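>>> my questions concern the predicted model and sequence given below.
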Amino acid sequence: MDIQKTALYNYHKELGAKFVSFAGYEMPVQYTPGIVEEHKLTRSNAGLFDVSHMGQLLIEGNEELATELEKIIPIDLKKIKLNQSKYSFLTNDAGGIYDDLIVTKVQKGFNIILNAACKNSDFKIISSSLKNKFKIILHKNLSLIALQGPKSSEILDKIISGVSSLKFMNGNKFSYNGKDLYITRSGYTGEDGFEISIPNEFVEDLAKKLISQDVKPIGLGARDTLRLEAGLCLYGHDINESTSPIEANLKWAISKRRREEGGFTGYEKIKSDLNGSLNRLRVGVKPEGKIIAREGVKIFSEDDKEIGSITSGTFGPSVNGPIAMGYVKLNFSKPGTKILLEVRGKKYGAKISELPFYKKNYVR
């Protein structure tokens, strides 16, 4: 398969990016300052992320569309307000997660942001479920950039007037150089910030304007440490097709009406998990000392019985220590529970932790 490049690829090179292949794209993993410094800059000022590899899907339709989409997406799409965004997922027959996504109600129907590695299969799943009743566009001509950090609102408002009035998980159309953009106040870092959908031909101009305002470019490396400190899942690691939203500790993302009424793919398994058959749960893990527990590390109880495994692990620059997430048997999921982690054949102490590790700074 050909490796794809985003519209900002050449600009990333100018900025000194190191690249990695990710979800079929050549993406910047870090710049000259390095992952830890980029992480800290996002927490203290503002960082610019190229997330154009993500899928941007528009489905046009009226109330009938909401009814049909509710069969595969477990949120209350009939109650979602115009320009409001909701986190959700596409579920499969076994109650697992095909993908996690952000759904925004727009004038024409719904915008859905899909994970890069899943976007083509998501398109097929959604199209098949909707039986060609509605117009569905997986955009190829749009870029997506994220401006994240405590100064992001002040900086972006100087360039695109009015964005600072957006509420968290809400969006709207704005004009830039006479062209329409769609901006939501959202992100994947635990900080205040914005995601900007913009035509490919204008994205470099906007990126340069932001960088000229003391915004720093941030790669995938810091994006991962930021999201893990914020306790946010990475698809294909912390959640996948064999993970139910309930065991992933994402019950809050299924609307109350949908939890009670069902009517969506995989509801029987999800209902069963809700009603007491749950046997494992996604938890935070804090290793003792400096040991980093990476994905795949086995988790043991204090009496040396295997009880789970790590799905994401790193050093958290803002918490100044190692952090991880993983799944453990339900009776070991209480914060403070002491556990053991097997790293390179040796066992190290750790404990179950509350999530997130770092207090989120969203503007509500």
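Received, thanks. Just so you know, these numbers come straight off a predicted model, no measurement behind them.
>>> every contact and neighbour count from this point should use C-alpha atoms.
Will do.
>>> for K269, give me its contacts.
Contact partners of K269, counting by C-alpha atoms under 8 Å, 6 or more residues apart in numbering, are A94, G95, S244.
>>> columns distance to E154, neighbour count and secondary structure on top of these, output as JSON lines?
Shown next, in JSON lines, are these (distance: C-alpha to C-alpha, whole Å; neighbours: other C-alpha atoms under 10 Å; DSSP: H, G, I helix; E, B strand; the rest coil):
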{"residue": "A94", "distance to E154": "45", "neighbour count": "16", "secondary structure": "coil"}
{"residue": "G95", "distance to E154": "42", "neighbour count": "24", "secondary structure": "coil"}
{"residue": "S244", "distance to E154": "39", "neighbour count": "25", "secondary structure": "coil"}
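>>> not counting its neighbours along the chain, what's nearest R364?
Beyond its immediate neighbours in the sequence, the residue positioned closest to R364 (C-alpha to C-alpha, 6 or more residues apart in numbering) is F168, lying 5.3 Å away.
>>> am I right that that neighbour sits in a helix?
No. Counting by DSSP: H, G, I helix; E, B strand; the rest coil, F168 is not part of a helix but coil.
>>> quick revisit: CSV for the contacts of K269, including distance to Q148 and pLDDT?
Listed next are the contacts of K269 as CSV, based on distance: C-alpha to C-alpha, whole Å; pLDDT from 0 to 100:
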residue, distance to Q148, pLDDT
A94, 36, 96
G95, 33, 97
S244, 29, 97
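>>> about what we covered before: hang on, isn't the residue nearest to R364 packed against S186?
Yes. At 6.2 Å, F168 and S186 qualify as touching, with contact defined as C-alpha atoms under 8 Å.
>>> tell me where the stretch 1-150 of the chain has strands.
18-22, 25-30, 47-50, 55-60, 85-91, 97-106, 109-114, 135-138, 142-148 (DSSP state E, counting those that start in this stretch).
>>> export these to a markdown table and tack on mean pLDDT, mean neighbour count and distance to V343?
Output for the strands of the stretch 1-150 of the chain, formatted as a markdown table (pLDDT from 0 to 100; neighbours: other C-alpha atoms under 10 Å; distance: least, C-alpha to C-alpha, whole Å):
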| stretch | mean pLDDT | mean neighbour count | distance to V343 |
| --- | --- | --- | --- |
| strand 18-22 | 97 | 16 | 26 |
| strand 25-30 | 98 | 22 | 25 |
| strand 47-50 | 98 | 25 | 32 |
| strand 55-60 | 98 | 21 | 36 |
| strand 85-91 | 98 | 22 | 32 |
| strand 97-106 | 98 | 22 | 29 |
| strand 109-114 | 98 | 21 | 33 |
| strand 135-138 | 98 | 15 | 42 |
| strand 142-148 | 98 | 25 | 34 |
